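Colleague: pasting a predicted model and its sequence here:
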Amino acid sequence: MDQPLFVIRGMFAHSTIENPLIVLADHIIGVSNGKIVFFDQADQLDKHLQPFGGRSKVSLTELKRGQFVIPGFIDTHIHAPQYPNSGKGLDLGLLEWLEKYTFPTEAKFKDLEFAEHVYEKAVRRVLRNGTTTACYYGTIHTDACMKLCDIIDKYGQRAFVGKVNMNQNSPEYYIETAEESTSETERFVDSVLERKNQRIQPIITPRFAASCDDKLMNSLAKLAHDKGLHIQTHISETKDEVAWIGNLFPDHDHYVDVYDKAGLLSKRTVLAHGIYLTTEERKIVKDRECGISHCPNSNTSIRSGTCDVKQLLDEGIKVGLGTDCSGGYSTSMNDAMRCCLHVSNFHAIHTEKIHISHREAFMMATLGGAQVLDIADRIGNFEVGKAFDALVIDVTKEGSQIDIFENDTIDDILQKFIYLGNEHNFTRIYVDGADVLPMLLKGSQKS
Ligand SMILES: [Zn+2]
């Protein structure tokens, strides 16, 4: 049945392919059946309402100064099972951190009650932070990953969910055989696809090259190819890791070549980090149309390195932002934008190269993320025909860190939101045209 049209009038900000940040005063957006049916200047309202029976037939929300609409945030790399460790253990080095915190926590997801308990909290927090689309890693446990899908569905988020694959160089209490890993991945993929939920898609998730042998990577690539699935993995996160991959795969030219020869690189592949990619590797990443998930909080918190994100963008590589919970301590995309700016600034300070601005950070948190996930034809900005995944922001709300002054322009207000915004500023969180915030605030969380 057709859902009635609703219209929001006021200030909007979004990115386009040509322009990383466009801030618009007094515009209107019309949404029907979850899709954007018009987006125009406010003085065109009556023209757009004619086919719908005029003003009396629609619900019109008029925003005040300090309120505006942006596309929902897209987190291109987040480990849902690591959420309990957010803000813990970051004084340790990467390997110690994995052994002491990450692997023991992920192993616990064999227990479905534990999985449900954590995933409830994780999904609610991520969605409350305005992340309308998340690309999640689960664990190696198929049933726990299905539980994650259940909870994402309950709260109305859009997501990719990956059952993690790891059959070598992993602790003996948290590892699978190549055969188990492949058959369980097939079971997971089929279970998710059977639900025919357009919002939740499976994603093939070899943890990273060191934890999967060639045989497993080949079979996962075949599965992705046969079923047209997305793929996510880690690449070139630390210098030690790059050297280790070189030793593990001596017959390959470099890290990218390991994934390329396995058949894992396509326009639907999300590569997290990519800090130390060489010119040759970046060229292959671009040629295969893979996306990079830049995770600046994580890269700083566990001291992996400073990614030259400006270079990736300038070379025409698709780049989105990832929170990489819990290597990154925050699941907030506002935090990811700020960390991205800081990392780019530090890189510029040390190399005298050019840094990015808040405009590119905003683009990477929205449209860039949609490009990385190869769904920019469906979400990411306010083009007519796309799904209405959006955040209504109010910088004047209780709990806001933002004050606006008489001489602040709409560009200033938007920039203040990027630097100072938090979840208290989100008054509506739309996914597919439905406001999911009331459900989140209902307090149905199990403790
Ligand atoms: Zn990660």
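Modeller: Yep, that arrived. This one's a predicted model, so the numbers in the text were calculated from it and none came from an experiment.
Colleague: show me the shaky parts of this structure.
Modeller: Counting by pLDDT under 70, the ranges of the chain that qualify are 1-2, 443-447.
Colleague: middle-most residue in it, spatially?
Modeller: Using C-alpha atoms, centre = their mean, the residue of the chain that lies closest to the mean C-alpha position is residue 75, 1.5 Å off.
Colleague: which stretches of the stretch 1-150 of the chain form helices?
Modeller: Assigned helices in the stretch 1-150 of the chain, in chain order: 45-49, 94-97, 103-107, 112-128, 142-155 (criterion: DSSP state H, counting those that start in this stretch).
Colleague: can you tell me what sits against the third one?
Modeller: Spelled out, that is helix 103-107. The contact list for helix 103-107 (C-beta atoms under 8 Å, 6 or more residues apart in numbering) reads 81, 82, 84, 85, 139, 140, 164, 170, 171, 173, 174. In short, each C-beta sits where N, CA and C put it, glycine included.
Colleague: which ones are touching the closest residue to residue 284 other than its chain neighbours?
Modeller: Using C-beta to C-beta, 6 or more residues apart in numbering and skipping the chain neighbours, the partner closest in space to residue 284 is residue 256 (5.0 Å). Contact criterion C-beta under 8 Å, 6+ apart gives 235, 265, 277, 280, 281, 284, 285 as the residues in contact with residue 256.
Colleague: may I see those residues organised as CSV, with secondary structure and neighbour count added?
Modeller: Conversion of the contacts of residue 256 to CSV gives the following (DSSP: H, G, I helix; E, B strand; the rest coil; neighbours: other C-beta atoms under 10 Å):
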residue, secondary structure, neighbour count
235, strand, 28
265, coil, 23
277, coil, 25
280, helix, 12
281, helix, 20
284, helix, 18
285, helix, 26
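Colleague: out of those, who's nearest residue 46?
Modeller: Sorting those by how near they are to residue 46, with C-beta to C-beta, puts residue 285 at the top with 48.2 Å.
Colleague: relative to residue 340, how far out is the closest one?
Modeller: Using C-beta to C-beta, to the nearest Å, one gets 19 Å for the distance from residue 285 to residue 340.
Colleague: neighbouring contacts of the helix ranked longest in the chain?
Modeller: In the chain, taking DSSP state H as the definition, the longest helix is helix 333-351. Taking contacts as C-beta under 8 Å, 6+ apart, the residues outside helix 333-351 that touch it are 73-75, 129-131, 294-297, 299-300, 306-310, 321-323, 328, 330, 353-358, 361-362, 364-365, 417-419, 421-422.
Colleague: the closest residue to residue 411 other than its chain neighbours: what's it in contact with?
Modeller: Take residue 411 and drop its neighbours on the chain: the residue closest to it by C-beta to C-beta, 6+ apart is residue 23, 5.1 Å away. The contact partners of residue 23, by C-beta under 8 Å, 6+ apart, come to 11, 12, 13, 410, 411, 414.
Colleague: what's the most distant pair in the residues you listed?
Modeller: Using C-beta to C-beta, the pair of the contacts of residue 23 lying farthest apart is 12 and 411, separated by 12.6 Å.
Colleague: residue boundaries of the strands in the stretch 251-400 of the chain?
Modeller: Counting by DSSP state E, counting those that start in this stretch, one finds strands in the stretch 251-400 of the chain at the ranges 269-273, 291-294, 318-321, 390-394.
Colleague: for these, give me TSV that also has mean neighbour count.
Modeller: Below are the strands of the stretch 251-400 of the chain laid out as TSV (neighbours: other C-beta atoms under 10 Å):
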stretch	mean neighbour count
strand 269-273	27
strand 291-294	31
strand 318-321	28
strand 390-394	24
